[in-house]
Every structure is written in C-alpha cells, then in structure tokens.
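Novice: heads up, no residue letters with this:
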C-alpha cells in the first residue's frame, strides 16, 4: 500500500504548498482522492502515470478539494484518453463538471461516469476481488464523506519446498492457494496446512478530511492500518475548530487512539502556522504513532 501526498494544506494554494489531493496505490489500483487546484501539476511532478487513474473520490465540494477536477478531466481529453473514468462525489458534482464542459465545448472523448452521493450512512462505492471502497460520513459545514479503502484477504502462501516434498503436481498449486486439500502424485491426501501459510493480514486506509471532532466514525475505521485525519488547527486555536467544523491535531490523535489504528497521518494544515512539526508534537501527547503529511511525500505501508 503506497500513499503519495500531492497536497495537504487547507484553503488556498500557495507557491510552495498545495491544497488537498493524494494518490493511493493498493493491490494494483491507483485511486485519486480529492483534487484541489494544481493536482495535475503535482501528478506530473511526482511521476504518477495519468492513464492508470480509473477512479476519483471527492470528499466534498469546497474548492480546496475539488477545483482541480475539471482541469484534470479536460487534460485526459487532450491526452486522447480512451479508458473510462469514474468520479464519486456529493450530489451536484455532475452538474458542476458538465456545465463547465458544455460551455467550453470540451466534452470528453472517453466514457465519464459520475456516482453522486447523498446518504448519511456508510455506502459501498466500489468492489472487486481484491479491494472495497466505502464512504465514511463526516461532519463538516457541507455534506462530506471520508473514504475507507480495504484489501480483501488474499490467497494462502504456497510453500514450494513443501509442495515438492509431498510430491504434489504443479497443476494443483492454485487449489492449494485457495485453501483446499489435494492429492499427491502417489495418491495420498495432503492437508492444506502442511504446504501453505496464512496470507498477509489485509491492509486498510481511512481518509478523513474535512470534519469536526466526530467520534461516531470510530467503529467504522477501527484498527485501520493507516488513518489520514485532518488537523487544521492546534489546540491553542481550538475555538476556531468548532465553528468552521474542523479538528485540531490533538482531536485527530484522540480519534486514532479510540480506533486503535496502527498509524496516524496528519494533514490539512491551516496556513497560519509556520511550523507543521507543532502538529506532530501535539498529537504525540495522545497517540504514539504519528506522521506528518507533506506535499510530495510518499508513505509505504
């Protein structure tokens, strides 16, 4: 599981920081999460292959999370994209994008699908044989969702030396990976556990931005491998968090601790702060595994 931060600051883009956008690579999928201004520039800067993006997830319609979307969609058109593109986001996202495409006479030459969201309960958005993606309803000034990306349990690990030792034909290796007992070349039944090992525990990534401190999400994100949680403010400015429906670094750490996640990544910093290390210092007083998002930074889990 690889996470690339394209932008992680709140509100406005600056010459040296970008609003929210990130790319998650999980089980051969490349998911784009939010698309603030400058996203396509950062995709190029970080050498992310455009053509591999099939699914874009937009948390809410504030500009620092969505104003880069129409530009990216248009660039895909200029690059002669043929593969379909799926955009998941709040109701209204179809109207916003299609109006811009209509008035600029820039309709895509590839299939573009919108999946508009309205519900206040978790909803399964995407599923295949390896991964699921579901919404994490958040509490912000407008309708907002986070997203939970989860691997499915993979096949069992084949112990080749054991398979050879027990004289098992190569044609049965797939059955072994599926957990089945098989018959050896000399007619003996070989229990699966003798020639395979348990698969790696499935990983998960919970993306939660933007939201006020909202413990209701804890049961859904419990024991996630990684939690990205907004930390727009420090506790010294806690009085700003509630009216703007944002969180402090300490509150993000409280969510991480309650959910017993393995790692917390902080982001969505207000540009009022000159030193983002203060966010980590604050969160570490509550939770002991904290990382800081930074534009261009990559995490491997």
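Specialist: Sure thing, it's come through. Computed from a predicted structure; not experimentally measured. Residues are numbered from 1 along each chain as shown.
Novice: which stretches of the stretch 201-301 of the chain form helices?
Specialist: 218-221, 238-244, 249-259, 277-283 (DSSP state H, counting those that start in this stretch).
Novice: next one: the nearest residue to residue 257 once chain neighbours are set aside from residue 43, what distance?
Specialist: Spatially, and ignoring its direct neighbours in sequence, residue 257 is nearest to residue 287 (4.8 Å; C-beta to C-beta, 6 or more residues apart in numbering). For every residue, glycine as well, the C-beta is placed using N, CA and C. Here the criterion is C-beta to C-beta, to the nearest Å. By it, residue 287 lies 31 Å from residue 43.
Novice: my read: the residue nearest to residue 257 touches residue 253, true?
Specialist: Yes. Residue 287 lies in contact with residue 253 (C-beta atoms under 8 Å); the separation is 4.0 Å.
Novice: check contacts around residue 272.
Specialist: Residue 272 sits next to residue 237 when contact means C-beta atoms under 8 Å, 6 or more residues apart in numbering.
Novice: and the pLDDT for it?
Specialist: Predicted confidence (pLDDT) for residue 272: 94.
Novice: now do residue 134
Specialist: As predicted, residue 134 sits at a pLDDT of 98.
Novice: likewise residue 155?
Specialist: Value for residue 155, per-residue pLDDT: 89.
Novice: that one contacts residue 178, correct?
Specialist: Yes. Using C-beta under 8 Å, residue 155 makes contact with residue 178 at a distance of 6.5 Å.
Novice: from residue 166, how far out is the residue nearest to residue 257?
Specialist: Distance, residue 287 to residue 166, by C-beta to C-beta: 47 Å.
Novice: is it true that residue 213 touches residue 250?
Specialist: No. Counting by C-beta under 8 Å, residue 250 is not a contact partner of residue 213; they are 9.1 Å apart.
Novice: check contacts around residue 92.
Specialist: Contacts of residue 92 by C-beta under 8 Å, 6+ apart are 61, 116.
Novice: and it, how close does it get to residue 61?
Specialist: Residue 92 is 6 Å from residue 61, by C-beta to C-beta.
Novice: likewise for residue 264?
Specialist: 26 Å.
Novice: comparing these two, which shows the higher neighbour count?
Specialist: More crowded of residue 264 and residue 61, by other C-beta atoms under 10 Å: residue 264, with 29 against 18.
Novice: residues in contact with the nearest residue to the more buried one once chain neighbours are set aside?
Specialist: Once flanking residues are discounted, residue 264 sits nearest to residue 256: 3.9 Å by C-beta to C-beta, 6+ apart. The contact partners of residue 256, taken as C-beta under 8 Å, 6+ apart, are 227, 229, 264, 283, 286-287, 289-290.
Novice: quickly list what the nearest residue to residue 277 once chain neighbours are set aside is bridged to.
Specialist: With sequence-adjacent residues excluded and distances taken as C-beta to C-beta, 6+ apart, residue 277 is closest to residue 292, at 7.2 Å. Counting by DSSP bridges, residue 292 forms beta bridges with residue 266.
Novice: so residue 292 makes contact with residue 282?
Specialist: No. The pair residue 292 / residue 282 is not scored as a contact, 11.3 Å apart, by C-beta under 8 Å.
Novice: residue 287 and residue 253: which has the busier surroundings?
Specialist: Neighbour count, other C-beta under 10 Å: between residue 287 and residue 253, residue 253 has more, with 27 against 22.
Novice: that one reaches residue 263, doesn't it?
Specialist: No. With contact defined as C-beta under 8 Å, residue 253 does not reach residue 263; the gap is 11.7 Å.
Novice: list residues touching both of the two?
Specialist: In contact with both residue 253 and residue 263: residue 290, using C-beta under 8 Å, 6+ apart.
Novice: ends of stretch 98-112, what's the gap?
Specialist: End-to-end span of stretch 98-112 (C-alpha to C-alpha, to the nearest Å): 10 Å.
Novice: what residues does it touch?
Specialist: Residues contacting stretch 98-112 (C-beta under 8 Å, 6+ apart): 70, 73-74, 76-77, 80-85, 87.
Novice: please redo it, this time with the cut-off set to 6 Å
Specialist: Stretch 98-112 has contacts (C-beta atoms under 6 Å, 6 or more residues apart in numbering) with 70, 74, 77, 81-82, 84-85.
Novice: which parts of it are buried?
Specialist: In terms of neighbour count (16 or more other C-beta atoms under 10 Å), stretch 98-112 has its buried residues at 101, 108, 112.
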